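J.: sequence isn't available, so here's the structure alone:
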Ligand code: FES
């Protein structure tokens, strides 16, 4: 189905921790069609707002509402954090290809690093009957996001922090390796989103342990609809646009 461009109303926009905010928007025609891993291009309509639209993962979609989890780290997201209920934002979506939900009898293992939890909570909501495992990593305990949201979906949650302030002391990929040591690789599937070094490490683990994996990639996006080629990256099957053929890729496709 084709993405649509329209104006959505802000329902709420609140800080959940440190620089992280959750924005709830009412836009039924996007919310009802959205799949986990897809994203929207969002633009704030204000004179002082940067012109370009920005991509944001869909964090959750229920009924006519969709949620976006974002980190304030530049002028655009700071302006977004000031949006109030009933304000209007411009949206295009849902965009891109999301996660495949055809996992057969495999157990889903979600691996999320930092703000990488954003699309994975929506995935866990769709897989809530699968008794999956969510491994959440953060630099510190304060950077561990969405623990309760994963628990609500029935996933069991394990935490890793780089500084050891909570849970496993180390990277979330270390936690994944520990988990796979005692698991049957034929019965697992990895879904991941996070910073590039984490994704690289997951590629290595997936190939070594022969566990299939799907990863959501980040890229600088100008158009978000496959037109500018600004997000193209080389894969085993030639150049692919992260915004159009991705942002979710099978790990086997990646170089
Ligand atoms: Fe323009 Fe992907 S952002 S083609």
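T.: Received it, and whenever you're ready, just let me know what you need. Source: prediction; values computed, not measured.

J.: which strand runs longest in the protein?
T.: Criterion DSSP state E: the longest strand present in the chain is strand 4-17.

J.: name the residues of that one that are buried.
T.: Judged by neighbour count using 16 or more other Cβ atoms under 10 Å, the buried positions of strand 4-17 are 8, 10-11, 13. Placement of C-beta: from N, CA and C, glycine included.

J.: go ahead and confirm residue 220 touches residue 230.
T.: Yes. Look at residue 220 against residue 230 with Cβ atoms under 8 Å: they come within range, at 6.4 Å.

J.: higher neighbour count, those two?
T.: Neighbour count, other Cβ atoms under 10 Å: between residue 220 and residue 230, residue 230 has more, with 14 against 8.

J.: before we move on, the earlier item: pull out the buried positions in the next helix or strand after the longest strand of the chain.
T.: Note on strand 4-17: by DSSP states H and E, the next helix or strand toward the C-terminus is strand 20-26. Across strand 20-26, burial judged by 16+ other Cβ under 10 Å covers 20-25.

J.: list the helices and strands the helix or strand following strand 20-26 packs on?
T.: Per DSSP H and E, strand 20-26 leads on to helix 28-31 as the next helix or strand towards the C-terminus. The contact analysis (3 or more Cβ pairs under 8 Å, 6 or more residues apart in numbering; DSSP states H and E) places helix 28-31 against strand 4-17, strand 60-62, strand 65-71, strand 88-95.

J.: what residues does helix 28-31 touch?
T.: Residues outside helix 28-31 that contact it (Cβ atoms under 8 Å, 6 or more residues apart in numbering) are 3-4, 6, 8, 40, 61-66, 91, 93-94.

J.: swap the cut-off to 6 Å and go again
T.: Contact with helix 28-31 is made by 4, 61, 64-66, 93-94, as judged by Cβ atoms under 6 Å, 6 or more residues apart in numbering.

J.: ok, now stretch 56-73?
T.: 19-26, 28, 31, 34, 38-40, 42, 77-78, 81, 115, 118-119, 121-122.

J.: before we move on, back to that, now, which of the buried residues of strand 20-26 sits nearest residue 254?
T.: residue 20 (27.7 Å; Cβ to Cβ).

J.: buried residues in stretch 142-158?
T.: In stretch 142-158, counting by 16+ other Cβ under 10 Å, buried: 143-147, 149-150, 153, 155, 157-158.

J.: end-to-end on it?
T.: In stretch 142-158, first residue to last residue: 15 Å (Cα to Cα, to the nearest Å).

J.: kindly report the same for stretch 95-105.
T.: This stretch, stretch 95-105, spans 28 Å end to end (Cα to Cα).

J.: buried residues of it, list them for me.
T.: Neighbour count says stretch 95-105 has 95-99, 103 buried, by 16+ other Cβ under 10 Å.

J.: residue numbers of the protein in contact with the ligand?
T.: By the rule Cβ under 6 Å from any ligand atom, the part of the chain lying against the ligand is 221-224, 226-231, 241, 243.
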